[in-house]
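1. Any chance you can model this:
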Amino acid sequence: MEKTTVLKVEDLDYKYGSIHALRGISLEVNEGEIVALIGGNGAGKTTTLRCISGLLDAPESGNISFYGESIVKQKSDKIAARGIMQVLEGRHIFSKLTVKENLSLGAFNRQADYASTLQYVYTLFPVLKEREQQEGGTLSGGEQQMLALGRALMSKPKLLMMDEPSLGLAPIIVRNIFEMITKINKDGTTVLLVEQNSKAALNIADRGYVIESGRIILTDTSNNLLNNEEVKKSYLGEK
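-> I've put the predicted structure just below:
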């Protein structure tokens, strides 16, 4: 059975002034997958996500299509309304708003099934239900990451993109977050995951892409990447 392609990025070039950040990036994500994009600092992972979600100006060249339709020159709010939601690195919750108010903002384009979606988020993250009247800024780092993820889920995205969800979190919290990403995927949400913790990302992903200096240098199943000697040495901290 042929898989439906949710996201297709073709020959994407992007520059910050004179800095050539992406050089001919091509990748695709199929319906129901978790796809990991791994690489070192400054490799182009975040730039790739921000190009897809419309948070950067249009690229120099190349195309981005979502379910077969080009979104390359669309504004970020239109892309979000189509069903692409990005959880930004650093979480970016509204610290002075309550947990529930933060979640409600995520449902700006999904008011019809707000109550059932909120219940789903609270089932995934019971701590958010317990603290729904607390200001977001009073939560721990792990709870803030749960809130950022829950807020994204409130829009019922077709594609959830996550940028460095493990950053700055204790190992036990990281494990919990990755378990939740797996559960969200099993519940029907396709995921594109950018993560410096390459081993953790590949352990839950179906496939992976390795990016280096703005270029995709390798793509394979996650299992093959985990067992690739060069990947083990360069990205998994194994000798």
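2. low-scoring stretches of this structure, by residue?
-> Within the chain, the stretches with pLDDT under 70 are 1, 110-111, 238-239.
3. Please enumerate the strands of the chain.
-> Secondary structure of the chain (DSSP state E): strands at 5-16, 19-30, 34-38, 61-66, 69-70, 84-87, 159-163, 190-194, 207-212, 215-221.
4. Just the residues contacting stretch 76-83, thanks.
-> Applying C-beta atoms under 8 Å, 6 or more residues apart in numbering, the external contacts of stretch 76-83 come out as 52-55, 66, 71, 74, 109, 155-159. The C-beta positions use only the backbone N, C-alpha and C, and glycine is treated the same way.
5. Stretch 166-180 now?
-> Counting by C-beta under 8 Å, 6+ apart, 89-90, 124-125, 141-142, 145-146, 149, 165, 195-197, 200, 203-204 sit against stretch 166-180.
6. same question, stretch 220-230
-> Contacts of stretch 220-230 (C-beta under 8 Å, 6+ apart): 36, 38, 199, 202-203, 205-208, 210, 218, 231-232, 236.
7. try it again with 6 Å
-> With contacts defined as C-beta atoms under 6 Å, 6 or more residues apart in numbering, stretch 220-230 is touched by 202, 205, 207, 208, 231.
8. wait, the first one sits on residue 210?
-> Read that as residue 202. No - counting by C-beta atoms under 6 Å, residue 202 stays clear of residue 210, with 10.0 Å between them.
9. between these two, which one's more packed in?
-> residue 202 (26 against 23; other C-beta atoms under 10 Å).
10. For the more buried one, give its distance to residue 116.
-> Counting by C-beta to C-beta, to the nearest Å, the gap from residue 202 to residue 116 is 33 Å.
11. for residue 196, same thing?
-> 35 Å.
12. In terms of neighbours, single out the busier of those two.
-> Neighbour count, other C-beta under 10 Å: between residue 196 and residue 116, residue 196 has more, with 17 against 9.
13. Name the nearest residue to residue 120, sequence neighbours excluded.
-> Spatially, and ignoring its direct neighbours in sequence, residue 120 is nearest to residue 153 (7.2 Å; C-beta to C-beta, 6 or more residues apart in numbering).
14. Residue 88: what's it in contact with?
-> residue 163.
15. number of nearby residues for the residue nearest to residue 120?
-> Count around residue 153 with other C-beta under 10 Å applied: 25.
16. quick one: it and residue 80, what's the gap?
-> 13 Å.
17. same deal with residue 159?
-> 11 Å.
18. Looking at these two now, which is surrounded by more residues?
-> For residue 159 and residue 80, the more surrounded residue by other C-beta under 10 Å is residue 159, and the numbers stand at 24 against 20.
19. Just give me the neighbour total for the nearest residue to residue 125 once chain neighbours are set aside.
-> Of all residues not flanking residue 125 in the chain, residue 146 sits nearest, at 4.5 Å (C-beta to C-beta, 6+ apart). Residue 146: 27 surrounding residues under other C-beta under 10 Å.
20. With the one 4 residues further on instead?
-> The number of residues packed near residue 150 is 24, by other C-beta under 10 Å.
21. now swap in residue 87 and tell me
-> The number of residues near residue 87, taken as other C-beta under 10 Å, comes to 25.
22. Now do the contacts for it.
-> 148, 149, 152, 162.
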